[in-house]
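>>> Predicted coordinates and the sequence they were generated for:
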Amino acid sequence: MTKDWKTRTKLVHAGIRRSQYGEVSEAIFLTQGFVYDSAEQAQARFIETGPDEFIYARYGNPTVRMFEERIAALEGAEDAFATASGMAAVNGALTAILKAGDHVVSARALFGSCLYILEEVLTRYGVEVSFVDGTDLAQWEAALRPDTKAVFLESLSNPTLEVIDIAGVADLAHKVGATVIVDNVFSTPVFSRAIENGADVVVYSATKHIDGQGRVLGGVLLGSKEFVRKKAEPYLKHTGGALSPFNAWVMLKGMETLDLRVRAQAAGAQALAEALEGDPRLARVIYPGLKSHAQHYLAMRQMGSGGTVLSLDLKGGQEAAFRFLNALELITISNNLGDAKSIVTHPTTTTHQRLKDEQRAMLGITPGLVRLSVGIEDPEDLLDDIRAALAAV
Ligand SMILES: *Cc1c(COP(=O)(O)O)cnc(C)c1O
């Protein structure tokens, strides 16, 4: 039944489990453990755990399971495993399948903590990692080898919003038998068609659009039943990255409004990008929904939207960017994204501070660049705030 539902119906109903009380809102099963009727039942459950049977909250929990089934239904994935944060999901997806001597190809433009795992953690355990310009299929093709076990990419990069062709990369990676892992946070679960495009594993930080109201951390990895239950689950359940049932409940509630929020945010981002493009105080307005974006057509094919984030490059570098941030009255300075509240951040001095100047230059992260995550406020109020702050620069 779930399979035939449209997105907004799935987001409200998929995965629901009701207790004997018939509650309308999903119950929070705030319990670590589960009681067995008999010693024999406990033994049987440890041999094989049925779909609605649980042993210990680090392995699974009814509220967490509701969240996993709901996000799997949305993504069109066979199964999902929820984690304590987005990073636990990224780490789990990679570490569960890699061993010393394996090779990984990754796009270079990555969220800081993802870069840390690929550059510093995996390599410490004897995994070789090659970095490529993710937008250049020729570089992927050249880097892939018979021993490449996984490829990793963020389909929409942070903060320069370059679009990576998931289908193109997957075609090349599958020729050498590599598992394609896509961190699809910036594309959002609403606009994601990653599995349809050939991704084997999709990862989200649920902290972003899925909660969408700045409350809790969470993450999830999605893929085939075989990958999730046979490869990821054994690793994740023994290494302690489990999602709290309370946070799973917050995510379930977030999912009910996810489609409404994300579409409103994307419409706001599109309106702001169009209104600000060509402003003489801006060197660049970067938004995949703009025709001027180098990969506009790819973005439309892959996501059908430009997403909820845009980046503005202020003339006048860091000084101008700081004056702009400090002059904003409605839009808050923070480094989260995907929130109902519009949020602005200066990547050079915060999220990407750790990078060397050359690395930032290579990624197009200029000192004047400001990342704007558009919330669900009225876009006209946001535009007024931005225009007033630009005037104050
Ligand atoms: C935020 C983010 C993560 C990490 O998620 P947490 O929930 O903060 O652990 C990973 N990848 C991308 C692209 C992100 O934006």
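Sure, I can see it. What you see is a predicted model; the values in this text were computed from it and never measured.

>>> Nearest residue to whatever residue of the chain ends up closest to the ligand in space, please, no chain neighbours.
Nearest residue of the chain to the ligand, counting by C-beta to the nearest ligand atom: residue 86, 2.3 Å away. For glycine as for every other residue, the C-beta is placed from the backbone atoms N, C-alpha and C. The shortest distance from residue 86 to any residue that is not its chain neighbour, by C-beta to C-beta, 6 or more residues apart in numbering, is 2.4 Å, and that residue is residue 205.

>>> per-residue confidence at the one you found?
Residue 205 carries a pLDDT value of 98.

>>> can you give me phi and psi for it?
phi -90, psi 110 (degrees, to the nearest 10).

>>> if I pick it, what's in contact with it?
If a contact means C-beta atoms under 8 Å, 6 or more residues apart in numbering, then residue 205 has 85-87, 89, 185, 218-219 as its contacts.

>>> Repeat the analysis, applying 7 Å as the threshold.
The contact partners of residue 205, taken as C-beta atoms under 7 Å, 6 or more residues apart in numbering, are 85-86, 185, 219.

>>> go on, residue 332?
341, 343.

>>> gap between the helix or strand containing residue 362 and the chain center?
According to DSSP states H and E, residue 362 maps onto helix 357-363. Here the centre of helix 357-363 is set off from its chain's centre by 23 Å, with C-alpha atoms, centre = their mean, to the nearest Å.

>>> In the chain, where is pLDDT below threshold?
Within the chain, the stretches with pLDDT under 70 are 1-3.

>>> Could you export the helix holding residue 362 as CSV, CA atoms only?
What follows is helix 357-363, C-alpha atoms only, in CSV (Å, rounded to 0.1, in the frame of the first residue of the first chain):
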residue,chain,number,x,y,z
ASP,A,357,43.9,29.1,1.4
GLU,A,358,44.7,27.1,-1.8
GLN,A,359,42.2,24.5,-1.0
ARG,A,360,39.5,27.1,-0.5
ALA,A,361,40.5,28.9,-3.7
MET,A,362,40.3,25.5,-5.6
LEU,A,363,36.8,25.0,-4.3
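
>>> The next helix or strand after it pairs with which strands, parallel or anti?
Proceeding N to C from helix 357-363, the next assigned helix or strand is strand 369-373, under DSSP H and E. When pairs are called by DSSP bridges, strand 369-373 turns out to pair with strand 309-314 (antiparallel), strand 343-345 (antiparallel).

>>> Stretch 103-117 near the ligand anywhere?
Yes. Using C-beta under 6 Å from any ligand atom, stretch 103-117 reaches the ligand at 111, 113-114.

>>> what's the straight distance from one end of that stretch to the other?
14 Å (C-alpha to C-alpha, to the nearest Å).

>>> which of the residues in it are buried?
Buried residues in stretch 103-117, defined by neighbour count with 16 or more other C-beta atoms under 10 Å: 103-111, 114-115, 117.

>>> Farthest-apart pair in the residues you listed, please.
103 and 111 (21.6 Å; C-beta to C-beta).

>>> Run through the helices of the stretch 251-393 of the chain in chain order.
Ranges of helices within the stretch 251-393 of the chain are 258-276, 296-302, 317-327, 357-363, 379-392, based on DSSP state H, counting those that start in this stretch.

>>> Can I get the ones you listed in CSV including distance to residue 7 and mean neighbour count?
Listed next are the helices of the stretch 251-393 of the chain as CSV, based on distance: least, C-beta to C-beta, whole Å; neighbours: other C-beta atoms under 10 Å:
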stretch, distance to residue 7, mean neighbour count
helix 258-276, 5, 20
helix 296-302, 17, 18
helix 317-327, 35, 17
helix 357-363, 33, 14
helix 379-392, 23, 16
